[in-house]
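Visitor: A structural model of the following input is requested.
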Amino acid sequence: MNYIKEAFVQFFIAVHTMLSTFIPDKGLSYGLAIILVTIIIRIVLLPLTIKQTRSTLVMSEIQPEVKKLQEKYKNDPQKSQEEMMKLYKEKGASPFSGCLPMLIQWPIFIALYFVFSTMTGLQGVNFLGIDLGASNPVLAVLSGITTFVSGFFSMPTNNADPAQARQTKIMNISMGFFMIYVSWKLKAALVLYWIVNNLIQVTQTVIMKKMDKNIVKTKEAKHTKEITKTKKDSKS
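Guide: Numbers count the residues shown, from 1 in each chain. Alright, predicted model coming up:
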């Protein structure tokens with residue numbers, strides 16, 4: 001773990017050193033370094049993000065089938081669970097896909113906490129009027145809001161189980177308030193990272209969902225066209 005923390009320290013210093021050669025303003029160079037590091041991390045995690053978003057879309061699409069299985073095996077919970085797991089495997093979905101980005105983000109968050117906690121010279125450095133070395137209540141609230149928004153866009157759009165949808169919504173709201181609480185006393189540098197990370201996550205999720213929906217619509221249109229052509233050929 002110490003090796004990972006030290007690697008993040010050296011990585012951030014390298015990015016900031018590169019930017020500071022072009023941007024002499026210390027506050028601006030630090031702020032942009034945080035944003036650039038966040039972007040680089042999101043690019044590295046992009047394959048996972050794509051997989052998670054597609055899995056979430058599939059989970060949304062198969063909810064009617066899940067509901068049918070739950071009704072069919074309502075008196076046999078074990079059989080119901082087995083059949084649902086078969087369905088998930090067949091469709092390439094995972095009920096835990098929405099948790100993966102958060103689980104991976106936490107070690108990174110902790111590593112960057114170490115970076116900004118041990119970094120000297122950060123106190124009093126201002127980026128857009130924000131002291132990056134001190135806590136900032138406004139950023140703390142934005143951290144909670146963006147966490148909620150990120151979770152909201154990651155939720156399945158078609159959930160056949162109202163109880164599960166309600167539970168997911170409550171967890172999402174709770175996570176938003178939790179991040180406000182956590183961010184309230186953290187250095188603004190780390191909270192800024194988290195906010196930018198959430199905004200990038202939302203953008204990636206929206207784009208990926210739109211792209212995958214277009215692919216599904218194209219496949220459905222092609223399938224409908226093939227069926228229509230087959231019917232016409234059979235009549236002739």
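
Visitor: Just the mean pLDDT for the host helix or strand of residue 193, thanks.
Guide: Secondary structure assignment for residue 193, by DSSP states H and E: helix 188-235. Averaging pLDDT along helix 188-235 gives 74.

Visitor: I believe residue 5 is in a strand; please confirm or correct that.
Guide: No - looking at residue 5 with DSSP: H, G, I helix; E, B strand; the rest coil, it is helix, so not inside a strand.

Visitor: quick one: it and residue 44, what's the gap?
Guide: Note on residue 5: its distance to residue 44, by C-beta to C-beta, to the nearest Å, is 17 Å. In this view, the C-beta of every residue, glycine as well, is placed from N, C-alpha and C.

Visitor: The two: who's more crowded?
Guide: Using other C-beta atoms under 10 Å as the criterion, residue 5 and residue 44 rank with residue 5 on top: 18 against 10.

Visitor: Look up the closest residue to the more buried one, ignoring the ones flanking it.
Guide: Nearest residue to residue 5, sequence neighbours excluded (C-beta to C-beta, 6 or more residues apart in numbering): residue 114, at 4.4 Å.

Visitor: and the one you found, what helix or strand is that in?
Guide: helix 100-118.

Visitor: Outside of that helix itself, list whatever touches it.
Guide: Contact with helix 100-118 is made by 4-5, 8-9, 12, 41, 45, 48-49, 52, 122, 132, 154, 175, 186-187, 189-190, 193-194, 197, 201, as judged by C-beta atoms under 8 Å, 6 or more residues apart in numbering.

Visitor: ok, then the element right after it?
Guide: Taking DSSP H and E, what comes next after helix 100-118 is strand 126-127.

Visitor: Please work out the average pLDDT along the helix holding residue 114.
Guide: Averaged over helix 100-118, pLDDT sits at 77.

Visitor: Give the buried residues for that helix.
Guide: Judged by neighbour count (16 or more other C-beta atoms under 10 Å), helix 100-118 contains these buried residues: 100, 101, 105, 108, 109, 111, 112, 113, 114, 115, 116.

Visitor: so how far is residue 166 from the fifth one?
Guide: Taking C-beta to C-beta as the measure, residue 109 falls 28 Å from residue 166.

Visitor: what's the answer for the third one, then?
Guide: With the distance defined as C-beta to C-beta, residue 105 ends up 25 Å from residue 166.

Visitor: same question, the fourth one
Guide: Distance, residue 108 to residue 166, using C-beta to C-beta: 30 Å.

Visitor: thinking again about what came up before, pull out the buried members of the contacts of helix 100-118.
Guide: Applying 16+ other C-beta under 10 Å to those flags 5, 8-9, 12, 41, 45, 49, 52, 122, 132, 154, 175, 186-187, 189-190, 193-194, 197, 201 as buried.

Visitor: of the buried residues of helix 100-118, closest to residue 141?
Guide: The nearest member of those to residue 141, counting by C-beta to C-beta, is residue 109 at 17.9 Å.

Visitor: Please give the element, helix or strand, for residue 147.
Guide: Per DSSP H and E: helix 137-154 holds residue 147.

Visitor: repeat for residue 175
Guide: Judged by DSSP H and E, residue 175 forms part of helix 162-183.
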